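**Student:** I'll drop the sequence and a predicted model, then ask my questions.
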Amino acid sequence: MIKYIGSKRALLPQILAAIAGVLPPDSPRGQTVLDLFSGTARVGHALKAAGYRVVANDHNAYAHALATCYVQADAERWADPARRILAELNRLPGAADWFTQTYCVESRYLHPDNGARVEAIRNAIAALACEPELEAVLLTALLEAADRVDSTAGLQMAYMKQWAPRALRPLELRLPALHPRPAAGACRAVCADAEEAAVLEADLAYLDPPYNQHSYLRNYHVWETLVRWDAPDTYGIARKRADCRTRISAFNSKPGLAPALARTIASLRAPILLVSFNDEGFISRTAMEAMLAHKPHVRVLEIPYNRYVGAKIGIHNPKGEKVGTVGRLTNVEYLFLASDQPLPALAGAPAAEPAPA
């Protein structure tokens, strides 16, 4: 999967264990998990593999494509046709046009040779007019191929001053790791604002909301354009999409995050909630516990966690020049488990439940 700030790859064992402790995959009382801020769909992908029926939601187009591939598309239906098409697409020569000019010449996210390949492949995918699930598998393969040869520190707010060694490797499409449909039923990908999708019914809702001012749209605007394929107006050295200035989320605002998250939590139709947050966020542990206090049982797990790869590399300006130092390299990640029914102990969690605020 693509490099992604906020990825829960290292936390998957704790997340899966927490969910399995209250909702075993073969539980007769229910198996549906709502992943409300799905991002790269890493958590939804793992939950599907574990046997849950997953409903994954995200409002960005690239995230919806990833969720459609990794959550909604089933391996037994789409792996073979996707593999055949990807082999054909891998043989296409490059065809440079606006994408290469914008993201490889005016900016330097990809080497122009790879940018031209991306452009040719993306145009070919559009011309195929595939079923949505198959198209999402092909787009995910292209996103991941481009990510493997990009020239950034993991965010598209800036790019390297000199080409990263991986940027000089040729782009290669690979079949994404699809899972078969779980016995619990067909999974689903939704593209909506979190407050709108919160009303979807589930046995457990997993929330991994944005926690600070950094917008995922601005952080991954090239991938948004690659999926939308809309040749947008761009601005600045980073060549961000013009709508990065207008598609503003309350979840990226210090005054807006807590009210938006509180409204979302209040709208959820799930008896069990699992919220992932960290100590760099706009909401403190105490405030989050208070937000979940309508559930009579709450437990919290604290997990030390290394910050994203860019923190290790340092702070760079849009020209790729190092301009600052990082204050710390580790965070504390929190898992808040809230339920209408008594909860089992979480490994590493406090012995007693927090008192409601």
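**Tutor:** Yes, it's here.
**Student:** Stretch 146-160 spans what distance, first to last residue?
**Tutor:** This stretch, stretch 146-160, spans 15 Å end to end (C-alpha to C-alpha, to the nearest Å).
**Student:** Against residue 208, how distant is the residue positioned nearest the centre of the chain?
**Tutor:** Computing the C-alpha centroid of the chain and ranking residues by C-alpha atoms, centre = their mean puts residue 39 first, at 1.6 Å. In this structure, residue 39 and residue 208 are 7 Å apart, going by C-beta to C-beta, to the nearest Å. (C-beta placed from N, C-alpha, C; glycine too.)
**Student:** what touches both of those two?
**Tutor:** residue 6 (C-beta atoms under 8 Å, 6 or more residues apart in numbering).
**Student:** ok, back up a step: secondary structure element for the closest residue to the residue nearest to the centre of the chain other than its chain neighbours, which one?
**Tutor:** Closest residue to residue 39 apart from its sequence neighbours, by C-beta to C-beta, 6 or more residues apart in numbering: residue 63 at 5.7 Å. Assigned by DSSP states H and E, residue 63 belongs to helix 61-67.
**Student:** Give me the next element, helix or strand, following that helix.
**Tutor:** helix 75-90.
**Student:** tell me which residues of that following helix are tucked away?
**Tutor:** 75, 78, 79, 82, 85, 86, 89, 90 (16 or more other C-beta atoms under 10 Å).
**Student:** ok, so of the residues you listed, who is nearest residue 106?
**Tutor:** If you rank the buried residues of helix 75-90 by distance to residue 106 using C-beta to C-beta, residue 89 comes first, at 25.5 Å.
**Student:** For the closest one, which non-adjacent residue is closest in space?
**Tutor:** Using C-beta to C-beta, 6+ apart and skipping residues adjacent in sequence, the residue nearest residue 89 is residue 121, 4.9 Å away.
**Student:** where does that neighbour land on pLDDT?
**Tutor:** pLDDT recorded at residue 121 is 98.
**Student:** I'd assumed residue 92 was in contact with it.
**Tutor:** Yes - counting by C-beta atoms under 8 Å, residue 121 does reach residue 92; the two are 5.8 Å apart.
**Student:** between these two, who's got more neighbours?
**Tutor:** residue 121 (25 against 15; other C-beta atoms under 10 Å).
**Student:** Strands along the stretch 151-300 of the chain, start to end?
**Tutor:** Remark: strands assigned in the stretch 151-300 of the chain by DSSP state E, counting those that start in this stretch are 188-190, 204-207, 234-235, 240-241, 272-278, 297-306.
**Student:** ok, the last one: who's next to it in the sheet?
**Tutor:** What that stands for is strand 297-306. strand 330-339 (antiparallel) (DSSP bridges).
**Student:** Quick check: mean pLDDT of the strand it pairs with?
**Tutor:** 91.
**Student:** Same question for stretch 142-159.
**Tutor:** Mean per-residue pLDDT for stretch 142-159: 95.
**Student:** and if you look at stretch 261-272?
**Tutor:** If you average the pLDDT over stretch 261-272, you get 95.
**Student:** Let the chain start at 35 from now.
**Tutor:** Done: numbering now begins at 35, and the last item shifts to stretch 295-306.
**Student:** Alpha carbons only: can I get that stretch in CSV?
**Tutor:** Below are the C-alpha coordinates for stretch 295-306, written out as CSV (Å, rounded to 0.1, in the frame of the first residue of the first chain):
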residue,chain,number,x,y,z
LEU,A,295,-16.2,14.6,15.8
ALA,A,296,-18.8,14.9,18.6
ARG,A,297,-21.6,15.2,16.1
THR,A,298,-20.3,12.2,14.2
ILE,A,299,-20.1,10.1,17.3
ALA,A,300,-23.6,11.1,18.3
SER,A,301,-24.9,10.0,14.9
LEU,A,302,-23.3,6.5,15.0
ARG,A,303,-25.7,3.5,15.0
ALA,A,304,-23.2,1.1,16.5
PRO,A,305,-23.3,-0.4,20.0
ILE,A,306,-19.5,-0.5,20.1
